[in-house]
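> Any chance you can model this:
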Amino acid sequence: MTTTPRTTGELILVLGATGKTGRRIVPRLRAAGRTVRAASRSGETRFDWNERSTWAPALDGVTALYLVAPEEPEPVTDFVAQAEAAGVRRFVVLSGRGVDVSGESFLAGMARADRVVQEADVDWTVIRANNFAQNFDEDFAHAPLLAGRLALPVGDIAEPFVDVEDIADVVVALLTEEGHSGRVYDLSGPRALTYAEAVAEIAAASGRPMRFEAVTAEQFLAELRAGDVPESLARELAAVFTFTAEGHLSPLATGVRDVLGREPRDFTEYVKAAAARGAWAR
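From the prediction side, this is the model:
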């Protein structure tokens, strides 16, 4: 795709600026000379989806934003309308791969943002990402791996996990280049591997004993409940992995290459880098 740089005079709002994607996007944008307002509940600019009084100060003067939706979809429609009224003309939205199939049955906030922004009178781009490679060291899989066993209801399905570093590069390009308006990009890694294969790679690189165990959705829910995971979150996670097990996320996607003109980062590269910094050492 042929692209041209966007104006450097705009103010870019990054929501979820302390999260997995946001904390990588903000320094990239600033290194590129862009003016960024980093917003989150604990960030440089306070923003809380449940405290609407924080919305207007975060949006003041903003012309482009990166939208990471809340878990609950309820605030999304009003926020997008308020942002549009405040003068935001460029939206880049993080969504989940397969929401065109699953709707709001899970990841409801992302699915709502995906739909609402496309219906707004703005320039929009949506990225629908596979499960993150970084979930193995920064999210739900980390503690189980350290304990030696990751149990999920995904069977032997293969998935091309996407590296969050690639997502950050894509978002920066979408916020700073022309030529992406009205596009939906699916983002995945360059090869699909099963969770058992992924865990085996991590075990080999970290030198820790680890194994993957395929369990049923009922067994998964029972283990989460035994660990005092809230019922709503337990059911959300079970729905995500049941959807994954159905194969919706298995095909390779071309979004990283379409936007950046290069292949996405391989899972092995992620594992080696994470192991080298001690991600699974403690």
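> which SS state does I12 fall under?
State at I12, reduced to three classes by DSSP: H, G, I helix; E, B strand; the rest coil: strand.
> hang on, isn't it packed against A58?
No: the criterion here is CB atoms under 8 Å, and I12 misses it with A58 at 11.8 Å. C-betas here are computed from N, CA, C, even on glycine.
> Mind jotting down where the helices sit in the stretch 51-200 of the chain?
Counting by DSSP state H, counting those that start in this stretch, residue ranges of the helices within the stretch 51-200 of the chain are 55-59, 76-85, 99-102, 108-119, 135-138, 142-147, 164-176, 195-206.
> Same drill for I12 and A58, tell me which one is more crowded.
I12 (25 against 22; other CB atoms under 10 Å).
> Distance check, the more buried one against L59.
Using CB to CB, to the nearest Å, I12 is found at 12 Å from L59.
> which residues are common contacts for the two?
L65 (CB atoms under 8 Å, 6 or more residues apart in numbering).
> Pull out the buried positions in the longest helix belonging to the chain.
Ranked by number of residues, the top helix in the chain under DSSP state H is helix 231-245. The neighbour-count check on helix 231-245 (16 or more other CB atoms under 10 Å) flags 234, 236-238, 240-241, 243-245 as buried.
> now do stretch 190-209
Within stretch 190-209, the residues that qualify as buried by neighbour count (16+ other CB under 10 Å) are 190, 192-196, 198-199, 201-203, 205-206.
> The helices of the stretch 51-200 of the chain: which one's closest to A69?
helix 108-119 (3.7 Å; CB to CB).
> just to revisit the earlier point, okay, the buried residues of helix 231-245 in CSV with pLDDT next?
What follows is these, written out as CSV (pLDDT from 0 to 100):
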residue, pLDDT
A234, 91
E236, 89
L237, 91
A238, 92
V240, 91
F241, 93
F243, 94
T244, 94
A245, 95
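> Out of those residues, which comes closest to V171?
Each of the buried residues of helix 231-245 was scored against V171 by CB to CB, and V240 proved nearest at 21.8 Å.
> give me the number of residues near the closest residue to the closest one other than its chain neighbours?
Distance criterion CB to CB, 6 or more residues apart in numbering; nearest residue to V240, sequence neighbours excluded, is F106 at 5.6 Å. Here the number of neighbours of F106 (other CB under 10 Å) works out to 21.
> next one: E178
E178 - counted by other CB under 10 Å - has 12 other residues nearby.
> Roughly how far does it sit from V76?
If you go by CB to CB, the gap between E178 and V76 works out to 26 Å.
> One more: I12?
Look at I12 and V76: by CB to CB, they are 19 Å apart.
> L145 too?
33 Å.
> likewise R89?
The span separating R89 from V76 equals 18 Å under the rule CB to CB.
> just G98 next, same as before
18 Å.
> Comparing the two, which residue is more hemmed in?
Neighbour totals were compared for G98 and V76, and V76 leads with 24 against 21 (other CB under 10 Å).
> tell me the angle the longest helix of the chain makes with helix 108-119.
What separates the directions of helix 231-245 and helix 108-119 is an angle of 70 degrees, with axes from the mean of the first three to the mean of the last three CA atoms, to 10 degrees.
> so what does helix 231-245 touch, helix or strand wise?
Counting contacts by 3 or more CB pairs under 8 Å, 6 or more residues apart in numbering; DSSP states H and E, the secondary-structure elements packed against helix 231-245 are helix 217-226.
> Name the residues of the helix it packs on that come out as buried.
Counting neighbours by 16+ other CB under 10 Å, the buried set in helix 217-226 is 217, 220-221, 224.
> Out of the residues you listed, the closest to N131 would be?
F220 (15.3 Å).
> hang on, the earlier thing: which stretch in the helices of the stretch 51-200 of the chain has the least confidence?
Comparing these by mean pLDDT, the weakest confidence falls on helix 99-102, with a mean of 90.
> who's in contact with it?
Around helix 99-102, the neighbours that count as contacts under CB under 8 Å, 6+ apart are 96, 107, 110-111, 114, 128, 243, 248.
> sorry, back to before: counting contacts, what elements does the following helix or strand past the longest helix of the chain pack onto?
Secondary structure here is assigned by DSSP states H and E; on that basis, the next helix or strand after helix 231-245 toward the C-terminus is helix 255-260. Helix 255-260 is packed against helix 164-176, strand 183-187, with contacts defined by 3+ CB pairs under 8 Å, 6+ apart.
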